[in-house]
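Asks: fold the following, please.
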Amino acid sequence: MNQVEGKVAIVTGGGSGIGEATALLLAAAGAQVVVTDINLVTAEETVETIKDQGGEAICVQHDVTSESAWTRVCEATLAEYGGLHILVNNAGVSGAGLPDFEEATLATWREVMNINLDAVFLGTQKAVLLMKDSGGGSIINLSSVMGMVGGASAAYNASKGGVRLLSKSVAVYCGNMGYNIRVNSVHPGFIWTPLVRDLVDHMDEGNMTEEGLREMLTERHPIGRLGVADDIAKGIVFLASDDASFITGSELVIDGGYTAV
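Replies: Down below sits the predicted model:
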């Protein structure tokens, strides 16, 4: 049984998709969850669902690219629950709609890096500072299969590859410092969330439909289906739990075989 009962967790991007599913599962397993999202309405909805199911949670509006916003989230967490044991850096943007490599600008590159990588650095650093005084913890950073193989935009691939190596580096650092803090990355395949469904608006084929997009993506996954948010959330909850106490600096690939092809 996953051991997260009584632990305090922050989940960014917790208003929808993988973040929402993760917040719900952590709360169901007994964690106290701080749900953050740039969209306060969706974060509030996640918290209401958690409370309706008997769990404990609060929400904080959160621009993950802002260091001061991270400070406010950490202060709210400490004020409400007294510590931090789990951080799920989930918030991010997809590579949809980005210009081809030759047409890319430094501005578009930096926009993706700011949200997908710089924000993960900020959250991870803040979490280490809190967790080392709370007896340790687990940091789970959401990367992607595109952080392991090429195929998306250069900026998106690079940002997600950066998350993978950042996680390894901080895992080694925490170990060398004697902190009881584990850091791992999770690499989803294509998960049927609003972020993926929105890809249809950026496809070259003008007649691409949502159903057509789903069929095309499904063909790339040997398991024969796309993932759903709970597929990833279950892996995240495992890494957050004491059941994963010997796992750090690792990648958990949950991709239905995408990277095996």
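Asks: part of a strand, is residue 33?
Replies: Yes. Under DSSP: H, G, I helix; E, B strand; the rest coil, residue 33 sits within a strand.
Asks: list the residues that contact it.
Replies: Listed by Cβ atoms under 8 Å, 6 or more residues apart in numbering, the contact set of residue 33 reads 8-11, 14, 23, 26-27, 50, 55-58. Where C-beta positions appear, they are placed from N, C-alpha and C, glycine not excepted.
Asks: nearest residue to it in space, please, no chain neighbours.
Replies: residue 57 (4.3 Å; Cβ to Cβ, 6 or more residues apart in numbering).
Asks: quick check: the farthest pair among the contacts of residue 33?
Replies: 10 and 55 (14.9 Å; Cβ to Cβ).
Asks: which one's more surrounded, these two?
Replies: More crowded of residue 10 and residue 55, by other Cβ atoms under 10 Å: residue 10, with 30 against 19.
Asks: point out where this structure drops to low pLDDT.
Replies: For the chain, the stretches with pLDDT under 70 are 1-2, 194-208.
Asks: which residue ranges of it form strands?
Replies: Ranges of strands within the chain are 8-12, 32-37, 56-61, 86-89, 137-142, 181-188, 251-254, based on DSSP state E.
Asks: give the buried residues for the fifth one.
Replies: For strand 137-142, the neighbour count (16 or more other Cβ atoms under 10 Å) marks 137, 138, 139, 140, 141, 142 as buried.
Asks: likewise for the second one?
Replies: When neighbours are counted by 16+ other Cβ under 10 Å, the buried residues of strand 32-37 are found to be 32, 33, 34, 35, 36, 37.
Asks: the third one too?
Replies: Buried residues in strand 56-61, counting neighbours by 16+ other Cβ under 10 Å, are found at 57, 58, 59, 60, 61.
Asks: out of the residues you listed, who's nearest residue 233?
Replies: residue 57 (14.8 Å).
Asks: wait, what's in contact with that closest one?
Replies: Residue 57 neighbours (Cβ under 8 Å, 6+ apart): 23, 27, 32, 33, 34, 35, 46, 47, 50, 51.
Asks: how about 10 Å then?
Replies: 9, 11, 14, 23-24, 26-27, 31-35, 43, 46-51, 80 (Cβ atoms under 10 Å, 6 or more residues apart in numbering).
Asks: surely residue 43 and residue 10 touch.
Replies: No. In this structure, residue 43 is not within contact of residue 10 by Cβ atoms under 10 Å, at 11.7 Å.
Asks: which neighbours do those two have in common?
Replies: Counting by Cβ under 10 Å, 6+ apart, the residues touching both residue 43 and residue 10 are 23, 34, 35, 36, 60, 62.
Asks: make JSON lines out of these and add distance to residue 172.
Replies: Output for these, formatted as JSON lines (distance: Cβ to Cβ, whole Å):
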{"residue": "23", "distance to residue 172": "29"}
{"residue": "34", "distance to residue 172": "27"}
{"residue": "35", "distance to residue 172": "30"}
{"residue": "36", "distance to residue 172": "27"}
{"residue": "60", "distance to residue 172": "30"}
{"residue": "62", "distance to residue 172": "28"}
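Asks: for the residue nearest the centre of the chain, give its distance to residue 10.
Replies: Taking Cα atoms, centre = their mean as the criterion, residue 90 is the residue nearest the geometric centre of the chain, at 2.0 Å. Note on residue 90: its distance to residue 10, by Cβ to Cβ, to the nearest Å, is 10 Å.
Asks: what's the overlap in contacts for the two?
Replies: 23, 36, 123.
Asks: in JSON lines: the residues you listed, plus distance to residue 211.
Replies: Below are those laid out as JSON lines (distance: Cβ to Cβ, whole Å):
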{"residue": "23", "distance to residue 211": "29"}
{"residue": "36", "distance to residue 211": "33"}
{"residue": "123", "distance to residue 211": "36"}
